[in-house]
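>>> I need the structure of the sequence given here:
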Amino acid sequence: MTEQCSPQGHRPRALTLTPDPIPAELKGIPSWVGWGYVEEVDPDTGEVDWDKPPQDIQAGRLASVTDPSTWTDYETRPPRSLGLLALPAW
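Numbering: from 1, shown residues only. Modelled structure (predicted):
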């Protein structure tokens, strides 16, 4: 999934997840996390940047790329405001 460009300082708009083109092999890997935009402001310049930290869909907290307990399976769908990404199975 890619994001659409937006003017400086404005929250980018994520594209809608279209599950059909995602291969079954990827859907079968139980290492999915959600993400959502988080505004970051540079304290020196005031410049706004947007980060997309991984989110634990089930617990509603940050996910970790090294902690499988924060991952989930593909069928556990997040709210529409989140996207999905597959992490490599460790």
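>>> For the spatially most central residue of the chain, list each beta-bridge partner.
The geometric centre of the chain, computed from its C-alpha atoms, lies nearest to Trp35 (C-alpha atoms, centre = their mean), at 2.3 Å. According to DSSP bridges, the residues that bridge with Trp35 are Pro54, Gly83.
>>> do the one 5 residues further on as well
Partner residues in beta bridges with Glu40: Asp49, with DSSP bridges as the criterion.
>>> quick one: it from Asp20, how far?
33 Å (C-beta to C-beta, to the nearest Å). Glycine gets a C-beta too; all of them are placed from N, C-alpha and C.
>>> So for those two, which sits in the more crowded spot?
More neighbours surround Glu40 than the other of Glu40 and Asp20, with 11 against 4 (other C-beta atoms under 10 Å).
>>> Read off the pLDDT value for the more buried one.
Looking at Glu40, its pLDDT reads 92.
>>> The one 10 residues further on now?
The predicted local distance difference test score for Trp50 is 90.
>>> Identify the residue nearest it in space, chain neighbours excluded?
For Trp50, ignoring the flanking residues on the chain, the nearest one in space by C-beta to C-beta, 6 or more residues apart in numbering is Tyr37 at 4.9 Å.
>>> The one you found reaches Asp51, doesn't it?
Yes - Tyr37 lies in contact with Asp51 (C-beta atoms under 8 Å); the separation is 7.4 Å.
>>> So for the two, which sits in the more crowded spot?
Tyr37 (17 against 10).
>>> Give me the phi and psi angles of the residue of the chain positioned farthest from its centre.
For the chain, the largest distance from the centre (C-alpha atoms, centre = their mean) belongs to Asp44, which lies 27.5 Å off. Phi and psi for Asp44, reported as degrees, to the nearest 10, are phi -90, psi -40.
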